[in-house]
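# sequence and predicted structure, then a few things I'm wondering about:
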Amino acid sequence: MIDQAGPVRVVSSDREELILVDEQDRELGTLSKGECHDGEGVLHRAFSVFLFDPRGRLLIQQRAADKRLWPLYWANSCCSHPRAGEDMNTATSRRISEELGVSAALEFIYKFQYHARFEGLGSEHELCWVYIGRITESEVRPNPAEIADWKFLAPDQVDALIADENAPVAPWFRMEWRELRERYWERIEVLSG
């Protein structure tokens, strides 16, 4: 569990402006994060980061209890959005620092579009860029405003978690992990090796 003795640093809000895109990832303007996730959602740019330790284990996080969408669900290491005027390199570096207290060289793997609804409270409708990187366990300093819990899992443990349809796992994490295992695993092995 996360030590919450220190001050909690709030690093995101529904007011921040996200980047609206079309299906070819061309920018169309901006809209607040809250509005992007209302109802059926509005297509916007996002990213997911998968951080592995030198033993090849994946860092996963349990989303904070007060998250609007998928609270207390397990997700990949970090997932968020570039803000208006922010390029993806800046956004991913900023966010892994804000959420996890780490820095890492990240490698872009692929991007895809998805839509997922959450219990009538809103939707994710994202064009998501997926990255991998390498860190050590001792580097991780999670932000309790964003993360309820975290752990490193071996790939076969992640496979089992993803395969359990009753486990509280964020839908994008399931989609991305399956794609990484099926099509991009050799790049992860090089990274971890």
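Okay, I see it. Numbering: from 1, shown residues only.
# surely residue 34 touches residue 18?
No. Between residue 34 and residue 18 there is no contact under C-beta atoms under 8 Å: 9.7 Å. All C-beta atoms are positioned from the backbone trio N, CA, C, and that covers glycine.
# quick one, which of those two is more surrounded?
residue 18 (25 against 14; other C-beta atoms under 10 Å).
# what bridges to the more buried one?
residue 31, residue 83 (DSSP bridges).
# for it, list the residues it contacts.
30-33, 36, 44-45, 81-84 (C-beta atoms under 8 Å, 6 or more residues apart in numbering).
# buried ones among the residues you listed?
30-31, 33, 36, 44-45, 81-83 (16 or more other C-beta atoms under 10 Å).
# can you list these in TSV and add distance to residue 180 and pLDDT?
What follows is those, written out as TSV (distance: C-beta to C-beta, whole Å; pLDDT from 0 to 100):
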residue	distance to residue 180	pLDDT
30	30	97
31	29	96
33	26	95
36	25	96
44	22	97
45	20	98
81	20	96
82	21	96
83	26	92
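# for these, work out which two are farthest apart.
Largest separation among the buried ones among the contacts of residue 18 by C-beta to C-beta: 31 and 82, giving 13.2 Å.
# for residue 179, grab the count of nearby residues.
Neighbours around residue 179, by other C-beta under 10 Å: 14.
# which SS class is the residue nearest in space to the middle of the chain?
Per C-alpha atoms, centre = their mean, the C-alpha nearest to the average position across the chain is that of residue 79, at 1.7 Å. Secondary structure, DSSP: H, G, I helix; E, B strand; the rest coil: residue 79 is strand.
# so who does it touch?
46-49, 128, 170, 172-173.
# scan those residues and report the most crowded one.
residue 48 (27 neighbours).
# secondary structure class for that residue?
strand.
# any idea how far residue 178 is from it?
13 Å (C-beta to C-beta, to the nearest Å).
# tell me the gap between stretch 54-65 and the middle of its chain.
10 Å (C-alpha atoms, centre = their mean, to the nearest Å).
# actually stretch 159-178, sorry about that
That offset, for stretch 159-178, works out to 13 Å (C-alpha atoms, centre = their mean).
# next one: stretch 40-54
4 Å.
# and the end-to-end length of it?
Counting by C-alpha to C-alpha, to the nearest Å, you get 40 Å between the two ends of stretch 40-54.
# which residues sit against stretch 106-125?
With C-beta under 8 Å, 6+ apart as the criterion, stretch 106-125 contacts 23, 25, 36-44, 46, 49, 68-70, 88-89, 92-93, 96, 126-133, 171-172, 175, 179-180, 183-184, 187, 191.
# try 7 Å
Outside stretch 106-125, the residues that touch it by C-beta atoms under 7 Å, 6 or more residues apart in numbering are 23, 25, 37-43, 49, 68-70, 92, 126-133, 171-172, 175, 184, 187.
# what of stretch 82-93?
By C-beta under 7 Å, 6+ apart, stretch 82-93 touches 16-19, 30, 45, 47, 49, 103, 106, 129, 131.
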